[in-house]
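[1] Have a look at this fold, sequence not included:
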């Protein structure tokens, strides 16, 4: 796996990591699924997990315009300054899952 870009990985590898991070902090898979649906429009109960993660993000059926309000640092980089749109989407999702794992109420994570 050395040198493999997360965008090229299958969703079947990434999705369980997102869920595990939330569960370790006392949150649920359903909350992760709500975040993903809010951000991308994908219903995780009907998604093909063999899809590449980059394709999952790039081809989101209803990417939420409110995603532009996701700001802050994730993996040492300011989310709002990432130029590549697909990488920005990946980090936006990372940031939302981080906020959930840190105990933020779901309504706040979803920018309601």
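    Here it is on my side, so go on. In this text the structure is predicted, and so the values were computed from the model without any measurement.
[2] Every contact and neighbour count from this point should use C-alpha atoms.
    Will do.
[3] Who are the contact partners of residue 79?
    70-73, 88, 91-92 (C-alpha atoms under 8 Å, 6 or more residues apart in numbering).
[4] what's the answer for residue 98, then?
    By C-alpha under 8 Å, 6+ apart, the neighbours of residue 98 are residue 22.
[5] measure it to residue 59 for me?
    23 Å (C-alpha to C-alpha, to the nearest Å).
[6] does the residue most central in space within the chain sit in a helix, a strand or a coil?
    The residue lying closest to the centre of the chain (C-alpha atoms, centre = their mean) is residue 93, at 2.4 Å. At residue 93, secondary structure determined by DSSP: H, G, I helix; E, B strand; the rest coil is helix.
[7] where does it land on pLDDT?
    With respect to pLDDT, residue 93 scores 96.
[8] wouldn't it be in contact with residue 37 here?
    No - checked against C-alpha atoms under 8 Å, the pair residue 93 and residue 37 is beyond contact range at 10.7 Å.
[9] Give me the packing partners of the helix or strand of the chain with the lowest mean pLDDT, helices and strands only.
    The helix or strand of the chain with the lowest confidence, counting by mean pLDDT, DSSP states H and E, is strand 73-74 at a mean of 90. In terms of contacts (3 or more C-alpha pairs under 8 Å, 6 or more residues apart in numbering; DSSP states H and E), strand 73-74 is packed against helix 85-101.
[10] any chance you could map the helices in this structure?
    11-24, 29-40, 53-58, 85-101, 106-109 (DSSP state H).
[11] could those helices go into CSV alongside distance to residue 77?
    CSV is the format used below for those (distance: least, C-alpha to C-alpha, whole Å):
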stretch, distance to residue 77
helix 11-24, 19
helix 29-40, 20
helix 53-58, 19
helix 85-101, 9
helix 106-109, 19
